[in-house]
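Q: predicted coordinates and the sequence they were generated for:
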Amino acid sequence: MNSEEIAKLAGVSRSTVSRVVNGYTNVPPETKERVEQIIREYGYIPNTSARNLAGKPSNVIGLFFVEYGVLEENIIHSSPFYSEFLANAIDRLKKQGSQLVVSIINRIEDFDMVETAFINKTMAGCILMGDIVPNSVLERLGKSACPTVLVNQRSSIDYPYIFLMNTENYKGAYQAVQLLVNHGHKRIAHITGSVEKTSIKERFEGYRDCLLHNQIPVNESYIYYSHIHRAESGYQAVLKMMADNKGNEPTAIFAANDLLAFGAMRGLKELGLKIPQDISIIGYDNAELSQYMSPPLTTVQVSVEKIARMTVDSLLLVIRKKEAIPVYSQLKEFTLMERGSVATVKTSG
């Protein structure tokens, strides 16, 4: 008999069982009695080493990458942004005398381990990034007083102990699209992800507003959405985009990240289009591979090292109670890296 089985019998989460076992008071009396009754009935004995750890302060930070429903591929390996963030977070925490544990969350139920690790004091706080973390999860973490930083997830938050760390997305996207406009492009497509996520929403808004401010209509047939931010998604989007707009094809593409741009570049080449002679393209994030593409990809650079450092330092300040941090923090610096994937649009005549 283990805590997961006890939780199923009691009809509660595993973290609730952990709170009862460790004597926490934030459990309804009737729930506590039900769990304790099952524990007595089945003779459940908590793991001794875990109970010992529960009484000690932890210097461990959890980093959880959230990507629902994608079980066959490791998000850390496939995303240059996430892998670079991970490397910098490990280095920063090591310098601060802390450690990092990393996990991938593919299901809502997986969030139970985040709360349980904090309640058991095997984790002092956590960083969440990737797909949108539900309000129900944030409410639970807030009630557990688990210091949590959400990276590029939301523009506002109203839960205790939950903080936001974002990068500049709107202005970076705006400048990227403005560069295309300056090169004479008016038929500008956008390959994007779920606009529920703040970073993607702001990049879309930067794209849209730049077009409108330049008196260029927003053509919905040029906008392609994808839940999975992978090169394959960019590839498929380009094939569909060109088929859907036969005779009125876009002359330029702004991709919400470099992975989507990489896939789009492959699709364009398979269609026999030359970059940038026939079509220009810009990405976002300045993944290391972007400078080695053919041609080198124009993209928006945001310092992953700085966002990782700001995230780690802010979280440790809260954990150590040395000072409070704002609910919302943002790295505003970015650089538009102009390379060989953008050219002046061809004009007829």
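A: Alright, I've got the coordinates. Residues are numbered from 1 along each chain as shown.

Q: can you map out the helices along the protein?
A: 3-10, 14-21, 29-42, 48-54, 75-78, 80-95, 112-119, 135-143, 170-182, 198-213, 231-244, 258-270, 304-320 (DSSP state H).

Q: buried sites along the last one?
A: Using 16 or more other Cβ atoms under 10 Å as the burial criterion, the residues of helix 304-320 that qualify are 304, 307, 308, 309, 310, 311, 312, 314, 315, 316, 318, 319. From N, CA and C alone the C-beta is placed, and that goes for glycine too.

Q: pretty sure the third one sits against residue 81.
A: Just to be clear, that refers to residue 308. No. In this structure residue 308 lies outside contact range of residue 81 using Cβ atoms under 8 Å: 10.3 Å.

Q: what do these two both touch?
A: Shared contacts of residue 308 and residue 81, defined by Cβ atoms under 8 Å, 6 or more residues apart in numbering, are absent.

Q: now stretch 86-96: buried residues?
A: For stretch 86-96, by 16+ other Cβ under 10 Å, it's 86, 88, 89, 90, 92, 93.

Q: how about the CA coordinates for that stretch, as CSV?
A: Output in CSV follows, covering the C-alpha atoms of stretch 86-96 (Å, rounded to 0.1, in the frame of the first residue of the first chain):
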residue,chain,number,x,y,z
LEU,A,86,17.7,24.8,-18.4
ALA,A,87,21.5,25.0,-18.9
ASN,A,88,21.6,28.6,-17.6
ALA,A,89,19.2,27.8,-14.7
ILE,A,90,21.4,24.9,-13.5
ASP,A,91,24.5,27.1,-13.7
ARG,A,92,22.9,30.0,-11.8
LEU,A,93,21.5,27.8,-9.1
LYS,A,94,24.8,26.0,-8.6
LYS,A,95,26.5,29.4,-8.0
GLN,A,96,23.8,30.2,-5.5
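
Q: so who does residue 202 touch?
A: Contacts of residue 202 (Cβ under 8 Å, 6+ apart): 155, 169, 170, 173.

Q: 7 Å instead, please
A: 169, 170 (Cβ atoms under 7 Å, 6 or more residues apart in numbering).

Q: where does pLDDT dip in this structure?
A: 1-2, 21-25, 40, 42-57, 69-77, 228, 322-325, 347-349 (pLDDT under 70).

Q: can you tell me the centre-most residue of it?
A: Centroid-nearest residue in the chain: residue 130, 2.5 Å away (criterion: Cα atoms, centre = their mean).

Q: so that residue touches residue 66, yeah?
A: Yes. Using Cβ atoms under 7 Å, residue 130 is in contact with residue 66, at 3.6 Å.

Q: so how far is residue 122 from the residue nearest to residue 27 when sequence neighbours are not counted?
A: Excluding the flanking residues, the one nearest residue 27 by Cβ to Cβ, 6 or more residues apart in numbering is residue 19, at 5.2 Å. Distance, residue 19 to residue 122, using Cβ to Cβ, to the nearest Å: 14 Å.

Q: residues near residue 158, how many?
A: By the criterion of other Cβ atoms under 10 Å, residue 158 has 10 neighbours.

Q: please apply the same query to residue 137.
A: Neighbour count of residue 137, defined by other Cβ under 10 Å: 22.

Q: and what of residue 41?
A: The number of residues near residue 41, taken as other Cβ under 10 Å, comes to 11.

Q: what's near enough to touch it?
A: Applying Cβ under 7 Å, 6+ apart, no residues qualify as near residue 41.

Q: where's it relative to residue 10, distance?
A: Distance of residue 41 to residue 10, computed by Cβ to Cβ: 11 Å.

Q: what does residue 167 give?
A: On the measure of Cβ to Cβ, residue 167 and residue 10 end up 42 Å apart.

Q: how about residue 313?
A: From residue 313 to residue 10 the distance is 40 Å (Cβ to Cβ).

Q: now do the contacts for residue 160.
A: Contacts for residue 160 (Cβ under 7 Å, 6+ apart) come out as residue 142.
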